[in-house]
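# below: sequence and its predicted model.
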Amino acid sequence: MKTFSGCVALAAVTLVQFAFAGEPGIPVSTIQPAAAPAPAPHCEVPCGIYADQRRFEEMLEDTETIAKAITAVNDFQAGIDQGMIVAKDVNQLVRWINTKESHATNTQHIISQYFMTQRIKADNENYAAQLAAAHAVLVAAMKCKQDADPATAETLKNAILDLYRAYEGKEPELGHHEHGDHAPDHDATVNASVHGAEYSHGNDGHDDHGHDDHGHDDHGDDHAHAADGGLQKAVGVITTSLDFAGNGK
């Protein structure tokens, strides 16, 4: 009986390979376990393609979201004081706190994984100041997680702008994103000057180029759909084979 079950299992594996082989563009030899997701915000290959300006804009957008979350948390406290809290308010409170946490973490990730790992180099002329400024952003993001004081979000924004000054050697010129109606804020303290981010190629310098972060094409979607079809066939084959083996005991 063990020999019979083994034969069934071997047949199932063979049929799985056949199912995938029938999908266009998916050779059997290329079937591999799913790879871990690529870390945002960059690849570390190194591909030599960077978008410093966009990273600063993303961190400032994180900070705006954090500030809005802090306002929502304080509004909840006001509702408690007035005895006007319902279950939906509690649900939204949890969601706002989670949002505040995730955006602060994203800013920390950009600083540590993008700037400190790949862009701030020990031979930079302004290395010590850049390192200190980057560390200040990490700490400010941590404080945003720990508190519900609007001042923590303001401190984080100022730390990001200070890093820009230390890193770029000039006053910030960053696009400003308005939440809600997406209308431009002409009174913003940050100059709304660019929506096409500055891109720099190579490991040194901050030369402006007009390239996307990664130049991938859209053909991956076709392969993904083909893989899904092959996987569904494979699951059906394995399930049928295992049922057959079980009935044969």
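Arrived safely, thanks for sending. Numbering: from 1, shown residues only.

# am I right that residue 126 is in contact with residue 166?
Yes - the criterion here is CB atoms under 8 Å, and residue 126 meets it with residue 166 at 5.9 Å. The way it works is simple: take the backbone N, C-alpha and C, and place the C-beta from them, glycine included.

# more neighbours: which of the two?
residue 166 (20 against 14; other CB atoms under 10 Å).

# tell me who's in contact with the more buried one.
126, 129, 130, 132, 133 (CB atoms under 8 Å, 6 or more residues apart in numbering).

# now the first one: how far from residue 163?
Same thing as residue 126. The gap separating residue 126 from residue 163 is 11 Å, by CB to CB, to the nearest Å.

# same question for the third one.
Taking CB to CB as the measure, residue 130 and residue 163 are separated by 7 Å.

# of those two, give the one with the bigger neighbour count.
residue 163 (25 against 22).

# surely that one meets residue 139?
No - contact status for residue 163 versus residue 139: not in contact, 12.0 Å apart, counting by CB under 8 Å.

# which secondary element of this structure has the worst mean pLDDT?
None of the helices or strands of the chain scores lower by mean pLDDT, DSSP states H and E than strand 200-201, at a mean of 42.

# other SSEs contacting the one helix or strand residue 131 maps to?
Secondary structure from DSSP states H and E places residue 131 in helix 127-146. Helices and strands in packing contact with helix 127-146 are listed as helix 52-81, helix 87-109, helix 150-168; criterion 3 or more CB pairs under 8 Å, 6 or more residues apart in numbering; DSSP states H and E.

# distance to residue 143 added to these, as a markdown table?
A markdown table is the format used below for the helices and strands packed on helix 127-146 (distance: least, CB to CB, whole Å):
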| stretch | distance to residue 143 |
| --- | --- |
| helix 52-81 | 10 |
| helix 87-109 | 9 |
| helix 150-168 | 5 |
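
# now render those helices as TSV, adding distance to residue 115 and mean pLDDT.
Below are these laid out as TSV (distance: least, CB to CB, whole Å; pLDDT from 0 to 100):
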stretch	distance to residue 115	mean pLDDT
helix 52-81	7	96
helix 87-109	10	97
helix 150-168	7	98
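
# next up, the contacts around residue 88.
The contact partners of residue 88, by CB under 8 Å, 6+ apart, come to none.

# residue 70 too?
100, 144, 148, 149, 150, 152, 153.
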